[in-house]
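Visitor: need coordinates for the following:
(one chain, ligands or ions: 1)
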Amino acid sequence: MELWGARLYGDPCRQCEFDWSLSPDDAVALVRDLPARYERLVEGRRGDEGHPDLAWNVAAYVSHVTDNLRNWAERLVGARLTDVRSVPGYDADLLARARSYNEISLAGALWSLRGAAEAWTESMSLALEDGTVLEHAGRGPQRAEDVARNNAHDAVHHAWDIQRILA
Ligand SMILES: [Zn+2]
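Guide: Numbers count the residues shown, from 1 in each chain. This is a model prediction of the structure:
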């Protein structure tokens, strides 16, 4: 079984210090406010800034967070509307290559993030209300609240990566 969440990253996360005890509602609020947080973080930057230890540049991290939110929002909607709860994992690195993350313009990536965060917030709020539980191919049962915390962590963790790049 694939390790995920606090067992993988530590509680708090050993790198970004994310506190996994946040409530599902706090996770939703965090993602709702994410576009503004990221816009502040990259204000005045080009997006192609990189770090010797990291394969992705600033705009690529924005695109990854966007696609991660889209993927999970879509899976939760699918499970809630059809009761087919089995979901596959996805290969984030393969997706990065397919979409050429490092060549996406920062303005475009931020625009996508706004749409993804809004759609995710709607999907997640309904999934939490519904008590949706996914059966993930690699991770086993994933309650809506587990997904909310995981996705909030992904966003905070990569904000930390962006900060490292821009430091
Ligand atoms: Zn982290």
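Visitor: low pLDDT regions in this structure?
Guide: Residues of the chain meeting the criterion pLDDT under 70: none.
Visitor: this protein: helices as residue ranges?
Guide: 6-9, 24-32, 34-41, 58-82, 92-99, 106-130, 144-166 (DSSP state H).
Visitor: for those helices, which one sits closest to the ion?
Guide: helix 144-166 (3.4 Å; C-beta to the ion). Any C-beta I mention is one placed from the backbone N, CA and C, and that applies to glycine too.
Visitor: residues from the protein in reach of the ion?
Guide: By C-beta under 5 Å from the ion, the part of the chain that sits against the ion consists of Cys13, Gln15, Cys16, Phe18, His157.
Visitor: which of those sits closest to His51?
Guide: Comparing those against His51 with C-beta to C-beta places Gln15 closest, at 13.3 Å.
Visitor: the closest one touches Ala159, doesn't it?
Guide: No - checked against C-beta atoms under 8 Å, the pair Gln15 and Ala159 is beyond contact range at 11.3 Å.
Visitor: quick one: which of those two has more around it?
Guide: A side-by-side neighbour count of Gln15 and Ala159, using other C-beta atoms under 10 Å, places Ala159 first with 21 against 13.
Visitor: neighbours of the closest residue to that one other than its chain neighbours, how many?
Guide: Excluding the flanking residues, the one nearest Ala159 by C-beta to C-beta, 6 or more residues apart in numbering is Leu41, at 6.0 Å. Look at Leu41: counted by other C-beta under 10 Å, it has 16 neighbours.
Visitor: and what of His51?
Guide: Other residues close to His51 by other C-beta under 10 Å number 15.
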